[in-house]
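Student: Below is the structure, and that's it, no one-letter string:
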């Protein structure tokens, strides 16, 4: 089974507080519980560091399509 993360967004007034990272980590935990073997998402340039540090591979330019297979 694979998962797709759709629209993880932090309002500008609440950025740089680790909220997106916490929510993303909860998504990863849920995927582990459900035996997910790959996660797919689209990321803006601003979001790439969040996903890149978790080992996601990026393809594309303006809005990157990224994935991580066998992530768990």
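Tutor: In hand now; what should we look at? No experiment lies behind these values; they were computed from the predicted model shown. Residues are numbered from 1 along each chain as shown.

Student: tell me which residues of stretch 4-22 are tucked away?
Tutor: 5, 8, 10, 20 (16 or more other Cβ atoms under 10 Å). C-beta: built from backbone N, CA, C; applies to glycine.

Student: what's the answer for stretch 21-41, then?
Tutor: 24, 27-28, 31, 36, 39, 41.

Student: Just the element for the most centrally placed residue in the chain, please.
Tutor: In the chain, the residue lying closest to the centroid (Cα atoms, centre = their mean) is residue 51, at 4.8 Å. Element membership for residue 51, per DSSP states H and E: helix 48-52.

Student: and that helix, what other elements does it pack with?
Tutor: helix 19-33, strand 38-43, strand 57-59, strand 64-69 (3 or more Cβ pairs under 8 Å, 6 or more residues apart in numbering; DSSP states H and E).

Student: farthest-separated two in the buried residues of stretch 4-22?
Tutor: Greatest spatial distance in those: 5 and 10, 13.8 Å, computed using Cβ to Cβ.

Student: Pull the number of nearby residues for residue 55.
Tutor: Look at residue 55: counted by other Cβ atoms under 10 Å, it has 10 neighbours.

Student: gap between residue 30 and residue 11?
Tutor: Remark: distance between residue 30 and residue 11 (Cβ to Cβ, to the nearest Å) = 23 Å.

Student: okay, and for the protein, where does confidence drop off?
Tutor: Counting by pLDDT under 70, the chain contains low-confidence residues at 60-72.
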